[in-house]
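J.: sequence and predicted structure are below.
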Amino acid sequence: MKKSHRTLLARLATCLLLLASASAIFAAEAGAPNEETQSILELILHGGPLIIMIWVAILATSVIMVTFIIQLFLTMRVEQLAPKALEESLSATIAAGNYQEAWEICRANKAYIAKVLCGGLERLGRGKDAVENALIEHGIREAQELKTKNSYLSVIGVVAPMIGLLGTVIGMMGAFAVLGSSGVTDPRGLALRIGEVLMATASGLFIAIPAFIFYYYFRNKATIVIVTVDDKLNRLVEDIPFEEVTGIKIGEHFEAGAGAPSSAAGQSRKVSMALTTNCPVCNGAITPGHNPCPHCGATLEWA
């Protein structure tokens with residue numbers, strides 16, 4: 001993640017955390033006169049070790065929720081999954097027939113479009129159907145990874161109220177223990193104590209509600225951006241001459257493909273000196289400006 005993104009993440013997390021804390025304080029103090037209430041820190045410390053642990057869990061859950069929301073806002077974008085510069089580079093390289101170089105570009109990049117296309121290029125020599133199946137398989141895998149991050153928001157939406165309810169139950173147990181030992185000497189004070197322990201449940205709901213809202217928002221957003229990027233992937237591979245590259249092996253064990261049709265010899269092909277050093281017919285290494293290809297004998301048109 002870029003430094004500017006990390007700075008933005010920290011600032012937004014701080015702002016949202018302060019807002020959540022202010023909301024919890026307001027919920028705790030709204031129903032009682034100022035002179036008979038305590039600060040939220042005093043209430044937490046007065047509750048004992050279990051209450052302190054529960055409030056630490058609530059605070060940690062809110063921080064995690066804000067972090068996931070900001071990360072999803074930064075990553076769940078078409079510009080992030082398929083950067084324009086990367087898309088243009090891959091398009092030019094594939095159009096020039098330099099598929100090994102396109103694979104190397106994909107391996108060096110961690111964007112969604114690069115990871116999916118990398119798997120498709122590795123099956124290039126097996127035909128069009130194999131490439132399309134590879135794109136589907138890798139696309140499902142990468143999309144699932146994106147959606148997994150979003151699913152954590154749903155988990156937080158379920159867990160946060162349960163943590164708050166646990167704190168309320170523990171607080172109520174303490175309140176009724178005091179009631180059983182000393183009787184109802186101050187009903188108004190007892191009512192205030194019960195209201196204070198309910199603060200934990202209210203805080204859990206303050207976390208759960210936005211967590212569920214953003215979960216459904218990012219679930220729909222993911223569907224839109226993934227479909228858009230998959231369309232870009234299909235456009236990148238639609239003009240590949242699959243019949244001419246039969247038998248080629250793209251990837252770590254690169255081979256030019258001895259099984260390629262011999263009729264490609266002598267065929268005129270345009271090659272860009274700025275983009276490739278491999279023959280677009282057999283993908284063998286060639287010297288820029290050299291004619292014909294020393295491997296397959298294809299006549300090349302250097303631009």
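T.: Structure's in. What do you need? Numbers count the residues shown, from 1 in each chain.

J.: mind listing what's buried along the strand or helix carrying residue 68?
T.: Using DSSP states H and E, residue 68 sits in helix 49-75. Using 16 or more other C-beta atoms under 10 Å as the test for burial, helix 49-75 gives 51, 54-55, 57-59, 61-62, 64-70, 72-73, 75. No exception for glycine: its C-beta is placed from N, CA and C like everyone else's.

J.: now swap in stretch 73-93 and tell me
T.: 73, 75, 76, 78, 81, 82, 83, 86, 87, 89, 90, 93.

J.: what of stretch 106-119?
T.: 106, 109, 111, 112, 113, 114, 115, 116, 117, 118, 119.

J.: how about stretch 210-218?
T.: Buried residues in stretch 210-218, counting neighbours by 16+ other C-beta under 10 Å, are found at 210, 211, 212, 214, 215, 217, 218.

J.: identify the residue nearest the second one in space, chain neighbours excluded?
T.: Going back to what we said before, that points to residue 211. Among residues not flanking residue 211 along the chain, residue 157 sits closest, at 3.8 Å (C-beta to C-beta, 6 or more residues apart in numbering).

J.: tally of neighbours for that neighbour?
T.: Residues lying near residue 157 (other C-beta atoms under 10 Å) number 23.

J.: quick one: it and residue 148, what's the gap?
T.: Relative to residue 148, residue 157 is positioned 16 Å away (C-beta to C-beta, to the nearest Å).

J.: quick check: the residue nearest to residue 254 when sequence neighbours are not counted vs residue 148, distance?
T.: When the adjacent residues along the chain are set aside, residue 254 lies closest to residue 100, with 5.2 Å between them (C-beta to C-beta, 6+ apart). Residue 100 sits 32 Å away from residue 148, going by C-beta to C-beta.

J.: ok, those two, which is more surrounded?
T.: Per other C-beta under 10 Å, whichever of residue 100 and residue 148 has more neighbours is residue 100, with 22 against 9.

J.: I'd say that one and residue 278 touch.
T.: Yes: Residue 100 is within contact range of residue 278, at 6.4 Å (criterion: C-beta atoms under 8 Å).

J.: residue 221 - how many residues pack around it?
T.: 16.

J.: please report how far it lies from residue 102.
T.: 29 Å.

J.: kindly report the same for residue 53.
T.: 53 Å.

J.: A helix includes residue 301, no?
T.: No: secondary structure of residue 301 (DSSP: H, G, I helix; E, B strand; the rest coil): strand, not part of a helix.

J.: burial count for it?
T.: Quick note: residue 301 (other C-beta under 10 Å) scores 11 neighbours.

J.: for residue 141, same thing?
T.: 12.

J.: ramachandran coordinates for it?
T.: phi -60, psi -50 (degrees, to the nearest 10).

J.: and residue 287, by the same measure?
T.: Torsion angles, degrees, to the nearest 10, at residue 287: phi -90, psi 130.

J.: can you tell me the average pLDDT over stretch 214-232?
T.: Stretch 214-232 shows a mean pLDDT of 93.

J.: domain parsing for the chain?
T.: By the assignment in automatic domain parsing, the chain contains the domains 1-27+37-241, 256-303.

J.: could you tell me the least trusted of these?
T.: Among those, domain 256-303 scores lowest, at a mean of 61.

J.: strands along this protein, start to end?
T.: Applying DSSP state E to the chain gives strands spanning 269-271, 300-302.

J.: for residue 131, give me its contacts.
T.: Contact analysis of residue 131 by C-beta atoms under 8 Å, 6 or more residues apart in numbering lists 120, 121, 123, 124, 237, 240, 242.

J.: excluding chain neighbours, what is closest to the last one?
T.: Sequence neighbours aside, residue 128 is the residue nearest to residue 242 in space, at 4.5 Å (criterion: C-beta to C-beta, 6+ apart).

J.: relative to residue 165, how far out is that neighbour?
T.: 56 Å.

J.: burial measure for residue 235, as a count.
T.: 11.

J.: what's near enough to touch it?
T.: Residue 235 neighbours (C-beta under 8 Å, 6+ apart): none.

J.: switch to 10 Å and redo it
T.: 87, 91 (C-beta atoms under 10 Å, 6 or more residues apart in numbering).
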